[in-house]
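In: Okay, sequence plus prediction incoming.
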Amino acid sequence: MSQTTLDDELFSEAADELQDDVEAALATARAALPDAEAIWTVDADNVLGVLNGLRAALAAEDASEALREARKWHEVGRRAEAFEDDALAEAIADVEALFEQLEATREQVSALAGALPALKSSLEAFDDDGAATDGEDA
């Protein structure tokens, strides 16, 4: 067997392993994403409890790390021209878009969860002041 043939065979084997690594990382990222029911069904006594539960359900740190691994190994394979098509790039982009949507939603929920207690306090203070003012006028 010539050195060129051996090198080609080793490269092909490495490319297959890279593809397997990317696919495994993508599968891990998909599995780590929250289940649709987990973000839709809540058990809480008040709105703040609902928002905190939702924020926890939207957390996907494990998916983030697995997605990073998939992107890293895909980039290595892409630069080495080890992949025959862009199916992996498309799959990574799909998971990445969903992850970005999760993160944006989590940020919105966090902002709302942070704003509600202050609003509640302001409304309570307003009600207290309003009740005292109404009583004085009578």
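Out: It's in. Numbering: from 1, shown residues only.
In: Give me the neighbour count for residue 116.
Out: 14 (other C-beta atoms under 10 Å). Just so you know, the C-beta spots here come from the backbone N, C-alpha and C atoms, and that holds for glycine as well.
In: Over to it. Which of the three states is it?
Out: Using DSSP: H, G, I helix; E, B strand; the rest coil, the secondary structure recorded for residue 116 is helix.
In: so what's it closest to, chain neighbours aside?
Out: Residue nearest to residue 116 in three dimensions, not counting chain neighbours: residue 48, with 5.7 Å by C-beta to C-beta, 6 or more residues apart in numbering.
In: Please report the distance of the one you found from residue 18.
Out: Distance of residue 48 to residue 18, computed by C-beta to C-beta, to the nearest Å: 46 Å.
In: Those two - which one has more neighbours?
Out: The residue with more neighbours, out of residue 48 and residue 18, is residue 18; 19 against 15, by other C-beta under 10 Å.
In: Let's test this: mean pLDDT of stretch 37-49, rounded?
Out: The average pLDDT for stretch 37-49 rounds to 90.
In: Name the residues that touch it?
Out: With contacts defined as C-beta atoms under 8 Å, 6 or more residues apart in numbering, stretch 37-49 is touched by 50, 52, 53, 54, 57, 58, 113, 116, 117.
In: Now do residue 40: how many residues are near it, please.
Out: Residue 40: 10 neighbours (other C-beta under 10 Å).
In: before we move on, back to that, switch the contacts of stretch 37-49 over to CSV; also include distance to residue 3.
Out: Output for the contacts of stretch 37-49, formatted as CSV (distance: C-beta to C-beta, whole Å):
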residue, distance to residue 3
50, 65
52, 62
53, 61
54, 59
57, 55
58, 53
113, 63
116, 68
117, 70
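In: No further queries at this time; thank you.
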